[in-house]
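Chemist: sequence below, structure please.
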Amino acid sequence: MSYKLSLTGLVASLLLGTAVAQEAHPLLPTWKCTTSGGCVQQNTSVVLDRDSKYAKGAAGSRTTADYAAMGVSTSGNAVTLYHYVRNNGALTPASPRIYLLGPDNKYVLMSLLNQELSVDVDLSALPCGENGAFYFSEMAADGRGNAGAGDGYCDAQCQGYCCPEMDILEANSQATAMTPHPCKGNNCDKGGCGYNPYASGQRGYWGPGKTVDTSKPFTVVTQFVASGGKLTQITRKYVQNGRQISGGGTISSCGSEGSTGGLTGMGESLGRGMVLAMSIWNDAAQQMAWLDSGNNGPCTSGQGSPSNIQSQHPDTHVVFSNIRWGDIGSTGKN
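Modeler: Got it, this is the predicted structure:
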């Protein structure tokens, strides 16, 4: 796996002449699609979140990111995120979070109201307790002011600060959920209005060898259907082995418009434009039980502990590729 030097980052470093070297962002081409014109390749790249991007040196100085050391690698239109990496022979957590950048070195703001998004995923190496997340936050394109690429993170849990969040895919090989988290001001729907096939009674739908066979790659298509300029439903479809799989789920309501904005508020955020984030993580406190245990999935207590994952699945990783967005029905075009 490899990545090419981002010319934007290189030119910026030469022009700025700052003491801190401008890092080269790994290229990750994506496609913007229309029903009339097909899909056009975008000159996009990825950047690590600031919290993981810099290592502190002497006197608090910063060094530019080593993407491979932080578990991130790109090849063609695919990005792979590793939870654990080797550091001086020892296996250590990296748990990277990255964002999609445009050629202007700002976050790409995807406006997805009455649009669709598709992405190919490989979750086969994600065991119980692990989460390969592909989602949107209503972050500022310039990192909230002038902080720059890698900065300005926010979500509906109010990490960084409070902002609407649309979880396209939180998943491992055993369970999945898609969850809108609208916000009205700083009042966010932290629990969200998720759809989890296992929790809905589809016990044979998601997993290795099941209807959506997570032992192999497949395509996730999410449609944000609007009527009269308002979001009316979020619909999920899957495509595997050239076949569309039904039963992916639909969300047609989401809490109170008065308190958190509801589905209408989520649609307003999607219309303004949101930033794509991708991450891999696990959870010592809950062991991801909210996603894959009990009524939410087939995993059992202890399987999802970080210590068990690190010892039994040290190579755990997720691959996202072939990211396309645009008119509903357009992203399947070449």
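
Chemist: following the lowest-mean-pLDDT helix or strand in the chain, which helix or strand shows up next?
Modeler: When each helix and strand of the chain is scored by mean pLDDT, DSSP states H and E, helix 7-16 comes last, with a mean of 37. With elements assigned by DSSP states H and E, the helix or strand that comes after helix 7-16 is strand 30-34.

Chemist: ok, the residue most central in space within the chain to Gly194 distance?
Modeler: The residue lying closest to the centre of the chain (C-alpha atoms, centre = their mean) is Phe134, at 1.9 Å. To Gly194, Phe134 is 14 Å away according to C-beta to C-beta, to the nearest Å. Where C-beta positions appear, they are placed from N, C-alpha and C, glycine not excepted.

Chemist: which ones are touching Gly326?
Modeler: 31-35, 39, 115-116 (C-beta atoms under 8 Å, 6 or more residues apart in numbering).

Chemist: please redo it, this time with the cut-off set to 6 Å
Modeler: 32-34 (C-beta atoms under 6 Å, 6 or more residues apart in numbering).

Chemist: re the thing from before, can you say which helix or strand has the residue nearest to the centre of the chain in it?
Modeler: Going by DSSP H and E, Phe134 is in strand 130-137.

Chemist: which SS state does the spatially closest residue to the residue nearest to the centre of the chain that is not a sequence neighbour fall under?
Modeler: Excluding the flanking residues, the one nearest Phe134 by C-beta to C-beta, 6 or more residues apart in numbering is Leu169, at 4.3 Å. Here Leu169 is recorded as strand under DSSP: H, G, I helix; E, B strand; the rest coil.

Chemist: surely Leu169 and Gly132 touch.
Modeler: No. With contact defined as C-beta atoms under 6 Å, Leu169 does not count as touching Gly132 (7.4 Å).

Chemist: neighbour-wise, which of those two wins?
Modeler: More neighbours surround Gly132 than the other of Leu169 and Gly132, with 26 against 22 (other C-beta atoms under 10 Å).

Chemist: contacting residues around that one?
Modeler: 123, 126, 171, 280, 318.

Chemist: same thing but 7 Å
Modeler: 123, 126, 171-172, 280, 318 (C-beta atoms under 7 Å, 6 or more residues apart in numbering).

Chemist: with Phe224 instead?
Modeler: 112-116, 231, 234, 270.

Chemist: where's it relative to Asn187, distance?
Modeler: Going from Phe224 to Asn187 by C-beta to C-beta gives 22 Å.

Chemist: please, where are all the strands along the stretch 201-334 of the chain?
Modeler: Counting by DSSP state E, counting those that start in this stretch, the stretch 201-334 of the chain has strands at residues 206-207, 212-213, 218-227, 230-240, 243-245, 250-251, 274-282, 317-327.

Chemist: got a pLDDT number for Gly143?
Modeler: Looking at Gly143, its pLDDT reads 86.

Chemist: surely it is in contact with Cys154?
Modeler: No. Judged on C-beta atoms under 7 Å, Gly143 makes no contact with Cys154 at a distance of 10.7 Å.

Chemist: what about the strands in the stretch 1-150 of the chain?
Modeler: Using DSSP E, counting those that start in this stretch, strands in the stretch 1-150 of the chain cover 30-34, 38-42, 45-48, 55-56, 62-63, 72-75, 78-82, 84-87, 90-93, 97-101, 109-110, 115-122, 130-137.

Chemist: quick check, pLDDT for Met139.
Modeler: The predicted local confidence for Met139 is 95.

Chemist: with Tyr54 instead?
Modeler: 64.

Chemist: now do the one 10 residues further on
Modeler: Among the per-residue scores, Thr64 shows a pLDDT of 70.

Chemist: ok, the one 3 residues further on next?
Modeler: Turning to Tyr67, the model gives it a pLDDT of 94.

Chemist: check His317 too.
Modeler: 98.
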